[in-house]
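Asks: quick one, what's the 3D model for this:
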Amino acid sequence: MGLANILNQKNLNRQQRESILGWALILPAAAIILSLILYPILYNIYLSFFDVNLEGGNTYIGLDNYNNVLFDPTFWNSVLTTVIYVFFTTIGTTVFGLIVALALNKEFPFRWLVRSLVLLPYVAPVISVVFAWKFIFDPVNGIFMDIAYDKLGLFSERFNMIGTPEYAVWVAILFSIWKGFPFAYLMILSRLQAIDATLYEAAEIDGANRWAKFKAITFPEVYYVIGSIVLLRIIWNFNKFDEIYLLTKNVKVLAVYTYFKAFTGAMEMGQGSALALVQFLLLIGFILFYVKKVLKW
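Replies: Numbers count the residues shown, from 1 in each chain. Here you go, the predicted structure:
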């Protein structure tokens, strides 16, 4: 029976027809989306219980992959690196975006041009800016070492910061803040422009200074925007792979560690699947906590 015949049935009222038509219109797109998202998740869960043989004949090993992952010190080092990376990149992009939004919300000459240029890090191709940053931190010809070592004497010798794990993570954090703050700036600026100017005028009449106006008016107005930005940045930064992998292979966040585990060396795809599932559960748990306790949704 065709859709037209179903909708033309006399025992259906208008609300029922609209409901059937709505489901019929979204069903093809929903089926495609579910097949592209749900199937990989279910197949990943399936692989996590097997010793995967790329030539065929996977062997069921139960929870051994999870035991190997959870009792591996490298995994916990990766979790710590991920927490450090996510915390500082999320705070950095949000705070820096807020400061830039507050500054560019004021009137000044060529404001339109400055607002456009601020978006360049976010829209620039990641591969091109990564190589630019690699050149900046090059130990021989890089600008950073030329200033930090030759001019300021901050280090006793030249060295490759991107190639040193304890420094590479901070370079990756700075890169992520620089690349991601325009998103926070744009979202916060759009909310700042919607605030009623009479609120600030009334505050000035009451003698409020800039900090008092920010605390009593600006921050409450942008609170939920900032909360949403923080949630999105946590999700994105927790799953970040391309920027970190292209910039340096010495920062083993969970996404990079999972890639190395599954697709390099011994290619332990079963453990890689278990790692991916553990990473997914950690992220879901934090999102539920954040939404309930912080955003109070």
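Asks: okay, CA-based contacts and neighbour counts for the rest of this
Replies: Will do.
Asks: could you list the buried residues of stretch 154-161?
Replies: Neighbour counts over stretch 154-161 (16 or more other CA atoms under 10 Å) mark 160-161 as buried.
Asks: residues in contact with it?
Replies: For stretch 154-161, the surrounding residues in contact (CA atoms under 8 Å, 6 or more residues apart in numbering) are 137-140, 145, 148-149, 167-168, 171.
Asks: for ChimeraX, write the selection for the buried entries among the residues you listed.
Replies: This is how ChimeraX selects the buried members of these, with burial counted by 16+ other CA under 10 Å:
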select :137,138,139,145,149,168,171
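Asks: output the contacts of stretch 154-161 in CSV, with secondary structure appended to each entry.
Replies: Shown next, in CSV, are the contacts of stretch 154-161 (DSSP: H, G, I helix; E, B strand; the rest coil):
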residue, secondary structure
F137, coil
D138, coil
P139, coil
V140, coil
M145, helix
A148, helix
Y149, helix
Y167, helix
A168, helix
V171, helix
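Asks: what segments of the stretch 51-200 of the chain are helices?
Replies: Assigned helices in the stretch 51-200 of the chain, in chain order: 64-70, 73-104, 111-118, 120-123, 126-136, 143-145, 165-192, 197-205 (criterion: DSSP state H, counting those that start in this stretch).
Asks: just to revisit the earlier point, could you dump the contacts of stretch 154-161 to CSV with pLDDT and distance to T93?
Replies: CSV is the format used below for those (pLDDT from 0 to 100; distance: CA to CA, whole Å):
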residue, pLDDT, distance to T93
F137, 85, 21
D138, 82, 25
P139, 81, 27
V140, 80, 30
M145, 82, 25
A148, 81, 24
Y149, 76, 28
Y167, 86, 19
A168, 89, 18
V171, 91, 14
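Asks: and the contacts of stretch 154-161, which is closest to G270?
Replies: Taking CA to CA as the measure, G270 sits nearest to A168 out of the contacts of stretch 154-161, at 28.7 Å.
Asks: hang on, that closest one packs against I162?
Replies: Yes - with contact defined as CA atoms under 8 Å, A168 reaches I162; the gap is 4.4 Å.
Asks: what do those two both touch?
Replies: Residues touching both A168 and I162 by CA under 8 Å, 6+ apart: 248, 250.
Asks: before we move on, the earlier item: need the helices of the stretch 51-200 of the chain in JSON lines with distance to T248, can you?
Replies: JSON lines is the format used below for the helices of the stretch 51-200 of the chain (distance: least, CA to CA, whole Å):
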{"stretch": "helix 64-70", "distance to T248": "23"}
{"stretch": "helix 73-104", "distance to T248": "14"}
{"stretch": "helix 111-118", "distance to T248": "25"}
{"stretch": "helix 120-123", "distance to T248": "19"}
{"stretch": "helix 126-136", "distance to T248": "9"}
{"stretch": "helix 143-145", "distance to T248": "16"}
{"stretch": "helix 165-192", "distance to T248": "7"}
{"stretch": "helix 197-205", "distance to T248": "46"}
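Asks: minimum distance to Y290: which of the ones you listed has it?
Replies: Using CA to CA, the nearest of the helices of the stretch 51-200 of the chain to Y290 is helix 73-104, at 13.3 Å.
Asks: pick the one among the contacts of stretch 154-161 closest to I26.
Replies: Of all the contacts of stretch 154-161, V171 has the smallest distance to I26: 44.2 Å, by CA to CA.
Asks: excluding its backbone neighbours, what's nearest the closest one?
Replies: Closest residue to V171 apart from its sequence neighbours, by CA to CA, 6 or more residues apart in numbering: I162 at 6.8 Å.
Asks: tally of neighbours for the one you found?
Replies: When neighbours are counted by other CA atoms under 10 Å, I162 registers 23.
Asks: where does the prediction get shaky in the stretch 51-200 of the chain?
Replies: Along the stretch 51-200 of the chain, no part satisfies pLDDT under 70.
Asks: make it 80
Replies: Residues of the stretch 51-200 of the chain meeting the criterion pLDDT under 80: 53-57, 142, 149-151, 153-156.
Asks: one step back: can you lay out the contacts of stretch 154-161 as JSON lines showing distance to P40?
Replies: Below are those laid out as JSON lines (distance: CA to CA, whole Å):
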{"residue": "F137", "distance to P40": "38"}
{"residue": "D138", "distance to P40": "39"}
{"residue": "P139", "distance to P40": "42"}
{"residue": "V140", "distance to P40": "44"}
{"residue": "M145", "distance to P40": "44"}
{"residue": "A148", "distance to P40": "47"}
{"residue": "Y149", "distance to P40": "48"}
{"residue": "Y167", "distance to P40": "35"}
{"residue": "A168", "distance to P40": "32"}
{"residue": "V171", "distance to P40": "33"}
